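K.L.:
Build me a model:
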Amino acid sequence: MEEKRVVITGTGVISPVGNGTEAFWAAIRSGRCGISRYEGLEGSPLAVRVAGAVRDFDPAAYGIPLKELRRNDRFCLFAQAAAAQAMGESALQSGTNIDPERLGVYIGTGIGGMQTFLEQSKVLFDEGADRISPLFIPKMIGNIAAGNIAIRYGAEGASLTTTAACASGTQAIGEAFRAIRYGFADAIIAGGTEATLNPLAFGGFASAHALTLAEDPLLASLPFDRRRAGFVMAEGAAVLVLEEYGHARKRGAAILAEICGYGNYSDAHHVTAPRPDGIGAARAMRDALSQAGFRPGEDLYINAHGTGTQLNDVTETAAIKLALGAEEAARASVSSTKSMTGHMIGAAGAVEALCCALALRDSVIPPTIGLTDPDPACDLDYTPLQARNRAITIAVSNSLGFGGHDASIALRRIDR
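P.N.:
Numbers count the residues shown, from 1 in each chain. Model prediction:
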């Protein structure tokens, strides 16, 4: 089967550091922290105090009618807003410059409509089952973000929802890449979304000892730092329009970057802890880079999963060395943009793939802010504190999810 090239022709993002691709990227390049004290935790018996919350989100700005606000969970509104940006940028129109059945939608989410689940659970306990909203199921189910995007844009191709915890967005983009690469679609609206800043989620992650208890937002998300003590929960969405290269060229689309490889493995080790030797994550990276034609000596950027938990950062460092070898690992530029955004769960991989594409476009490595006391066990070049100029030709984005999900996407700079 002929392998086709896959490129990015549209982008959109809703995030704690900014909404819209260029506003988001300006914040990331400048090392702006989007983490803040979270009002929803004031007075809570939990010791958690910070989160990466989306600010200034106006659904109407993305063509979402007022009546739709009560019909959609926040996670779905985020996805629709990011998709509106991406589709506007790509200028794709179903039935005009792409056949409807050749346009698909792949959206990942770790949890789905959790706020709706909480609200209707309260109705159940306070008022009874016969008072539950008829909108409960279509607002809560994880696949509804992909479904609503498909409806809005007349995408009659495959509609797929990936749920792999923190690797959900990466899997959605990776599977979309494969579908286009092997001819099953001409374009796919792909990404991830999450909105779980609520007491149940905070309580669950806190009980699992996964969240930082830091009160200072600037000292909360500290990937690869000796002082790291857990991740920061965040919300948002990112969507990319992936398109077959010839299709994009034929219609004169602007191309941001090329997606060239995808690796997807399982640790088969533990429900929350990564496999200590990092073999699953290393296989995913190795596959993605091999498919992308990575050559020793190339200028490589790695957007690390980099959560700021004790186990993840040491394991991922080991996995990078295992995948590349010590010499190439030492040459690579690595960073964790979660130091600025917090951990957006199912949206994280999509947001970080977007960071890779923009890093390739602008020859800029985004920083790992807050990294002032490096852990000796994390001894790679993590681009501490400030962005750095580097003319990278290839980038890889890593995602490691609860349940042992390991996924990586490789991207290349496009030759304009």
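K.L.:
Same question for stretch 389-403: list its buried residues.
P.N.:
Of the residues in stretch 389-403, 392-403 count as buried by neighbour count, 16 or more other Cβ atoms under 10 Å. (Glycine included, C-beta is placed from N, CA and C.)
K.L.:
now the end-to-end length of stretch 319-329.
P.N.:
When the termini of stretch 319-329 are compared using Cα to Cα, to the nearest Å, they are 10 Å apart.
K.L.:
now stretch 178-196
P.N.:
Stretch 178-196 end-to-end distance (Cα to Cα) = 29 Å.
K.L.:
now do stretch 385-395
P.N.:
Using Cα to Cα, the end-to-end distance of stretch 385-395 comes to 20 Å.
K.L.:
Name the surrounding residues that touch that stretch.
P.N.:
29-31, 260, 289, 292, 294, 298-303, 333, 356-357, 359-360, 363-372, 410-413 (Cβ atoms under 8 Å, 6 or more residues apart in numbering).
K.L.:
rerun at 6 Å
P.N.:
Contacts with stretch 385-395, where a contact means Cβ atoms under 6 Å, 6 or more residues apart in numbering, come from 29, 294, 298-301, 333, 356, 359-360, 363-367, 411-413.
K.L.:
again with stretch 371-383
P.N.:
Against stretch 371-383 from outside (Cβ under 6 Å, 6+ apart): 224-227, 313-314, 317, 329, 333-335, 365, 367-368, 384.
K.L.:
which helix of the chain spans the most residues?
P.N.:
helix 74-90 (DSSP state H).
K.L.:
Tell me, what's the model's pLDDT at the nearest residue to Phe184 once chain neighbours are set aside?
P.N.:
Distance criterion Cβ to Cβ, 6 or more residues apart in numbering; nearest residue to Phe184, sequence neighbours excluded, is Ala158 at 7.0 Å. Model confidence at Ala158, expressed as pLDDT, equals 97.
K.L.:
pLDDT averaged over the helix or strand hosting Ala318, what's the number?
P.N.:
According to DSSP states H and E, Ala318 maps onto helix 310-324. Mean per-residue pLDDT for helix 310-324: 96.
K.L.:
Tell me the buried residues in that helix?
P.N.:
For helix 310-324, by 16+ other Cβ under 10 Å, it's 312-324.
K.L.:
again, but for stretch 64-78
P.N.:
Neighbour-count burial for stretch 64-78, counted by 16+ other Cβ under 10 Å, picks out 64, 68, 72-78.
K.L.:
From the chain's centroid, how far away is that stretch?
P.N.:
21 Å (Cα atoms, centre = their mean, to the nearest Å).
K.L.:
What of stretch 191-210?
P.N.:
Centre to centre, stretch against its chain (Cα atoms, centre = their mean), the figure for stretch 191-210 is 15 Å.
K.L.:
Check stretch 321-333 too.
P.N.:
For stretch 321-333, the distance to the chain centre is 23 Å (Cα atoms, centre = their mean).
K.L.:
try stretch 304-324
P.N.:
For stretch 304-324, the distance to the chain centre is 17 Å (Cα atoms, centre = their mean).
K.L.:
Distance check, the closest residue to Phe294 other than its chain neighbours against Ala332.
P.N.:
Distance criterion Cβ to Cβ, 6+ apart; nearest residue to Phe294, sequence neighbours excluded, is Ile394 at 5.8 Å. Separation of Ile394 from Ala332 (Cβ to Cβ, to the nearest Å): 10 Å.
K.L.:
try Lys67
P.N.:
49 Å.
K.L.:
Please apply the same query to Tyr262.
P.N.:
19 Å.
K.L.:
which ones among the contacts of stretch 371-383 are found in strands?
P.N.:
Mapping the contacts of stretch 371-383 onto strands (DSSP state E) picks out 333-335, 365.
K.L.:
Mind picking the two most distant members of these?
P.N.:
Greatest spacing in the ones in strands among the contacts of stretch 371-383, by Cβ to Cβ: Val334 and Ile365 (8.5 Å).
K.L.:
all helices for this structure, in order.
P.N.:
With DSSP H as the criterion, the chain has helices spanning 21-30, 74-90, 114-127, 136-140, 144-153, 168-181, 199-207, 245-250, 279-291, 310-324, 326-331, 338-341, 348-362.
K.L.:
Out of those helices, flag the one nearest Leu103.
P.N.:
helix 144-153 (7.1 Å).
K.L.:
quick one, what contacts Ser408?
P.N.:
Contacts for Ser408 (Cβ under 6 Å, 6+ apart) come out as 263, 284-285, 288, 396, 398.
K.L.:
per-residue confidence at the closest residue to Glu327 other than its chain neighbours?
P.N.:
Computed as Cβ to Cβ, 6+ apart, the closest residue to Glu327 that is not its neighbour in sequence is Pro296, at 7.8 Å. With respect to pLDDT, Pro296 has a value of 94.
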